[in-house]
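**Q** Quick one, structure for this:
(chains A and B)
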Amino acid sequence: AQSVAQPEDQVNVAEGNPLTVKCTYSVSGNPYLFWYVQYPNRGLQFLLKYITGDNLVKGSYGFEAEFNKSQTSFHLKKPSALVSDSALYFCAVRDPPSGGYNKLIFGAGTRLAVHP
Amino acid sequence: DGGITQSPKYLFRKEGQNVTLSCEQNLNHDAMYWYRQDPGQGLRLIYYSQIVNDFQKGDIAEGYSVSREKKESFPLTVTSAQKNPTAFYLCASSIGRTSQETQYFGPGTRLLVL
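**A** Next comes the predicted model:
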């Protein structure tokens, strides 16, 4: 069965330092992968997605993610963290279409705390 | 959040009461979705609709019902059969149903039980 794991409940990083939020997946076939961010009491905002092509995907707000097929990972990264990046981050995966509907499977989320 | 509105922002339900959460989108998207968010569990799919007058159960449909009479609207009713309704409910939409398309989310409705 398809699944997504975010192994860290919380990530702490100092402002200005690089950040990484980890995501691993398990799917049949080629994965389509997404990252979303959620600020308190708000909906999810789309950051980036990997469908095919270059393994390094660039997204909104300076975030990027690297698709690694051999490690079944899709870690979210940013070279220099901002305090305003503090939020809840979700990784999600979807299988390619097989004639029917495709749904997003979400990880449990990772809370990112950036300290001044 | 732009283009998808959810109301109310907070909703209180009494024992045995049905309540309806509103979701409207002006993005001309065909597909719409309802998710439930509980702390530490990520999001779980309740119902989805790919076109008007059609909808399908997701992973946790018991105790919920939906309708899709208009393309822009996908209301969710939390019935009295849902014994643990306290959660944050998120509506989303996408252009169509293919897996490459991004789902965009509304701001959410927080449902609390009195």
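**Q** Just the pLDDT at the residue most central in space within chain B, thanks.
**A** In chain B, the residue lying closest to the centroid (Cα atoms, centre = their mean) is residue B:34, at 2.8 Å. Here the pLDDT value assigned to residue B:34 is 97.
**Q** Could you do the one 4 residues further on as well?
**A** Per-residue confidence (pLDDT) for residue B:38: 93.
**Q** Please apply the same query to the one 4 residues further on.
**A** According to the per-residue confidence, residue B:42 scores 87 in pLDDT.
**Q** Relative to chain A, how far out is it?
**A** Distance, residue B:42 to chain A, using Cβ to the nearest Cβ, to the nearest Å: 4 Å. (C-beta placed from N, C-alpha, C; glycine too.)
**Q** Can you name the residues that contact that residue?
**A** Residue B:42 is in contact with A:4, A:90, A:106-109, counting by Cβ atoms under 8 Å, 6 or more residues apart in numbering or on different chains.
**Q** Mark which of these are part of strands, please.
**A** A:4, A:90, A:106 (DSSP state E).
**Q** Quick one: residues contacting the last one.
**A** This points to residue A:106. Counting by Cβ under 8 Å, 6+ apart, residue A:106 makes contact with A:4, A:90-92, B:42-44.
**Q** again, but for the first one
**A** Each residue near residue A:4 by Cβ under 8 Å, 6+ apart is listed here: A:23-26, A:91-93, A:105-107, B:42.
**Q** repeat that with 7 Å
**A** For residue A:4, the contacting residues are A:23, A:25, A:91-93, A:105-107, by Cβ atoms under 7 Å, 6 or more residues apart in numbering or on different chains.
**Q** partner residues bridging residue 92?
**A** Just going to use chain A. residue A:34, residue A:106 (DSSP bridges).
**Q** could you do chain B instead?
**A** residue B:33, residue B:105.
**Q** with the contacts of residue B:42 in mind, which one is nearest to residue A:15?
**A** residue A:109 (21.6 Å; Cβ to Cβ).
**Q** residue boundaries of the strands in chain A?
**A** A:3-5, A:10-14, A:19-21, A:24-26, A:32-38, A:44-50, A:56-58, A:64-68, A:73-78, A:87-94, A:105-106, A:110-115.
**Q** One more: chain B?
**A** Under DSSP E, chain B gives strands at B:4-7, B:10-13, B:19-25, B:31-37, B:43-49, B:56-57, B:64-66, B:76-78, B:87-94, B:104-105, B:109-113.
**Q** Fine, thanks again, bye for now.
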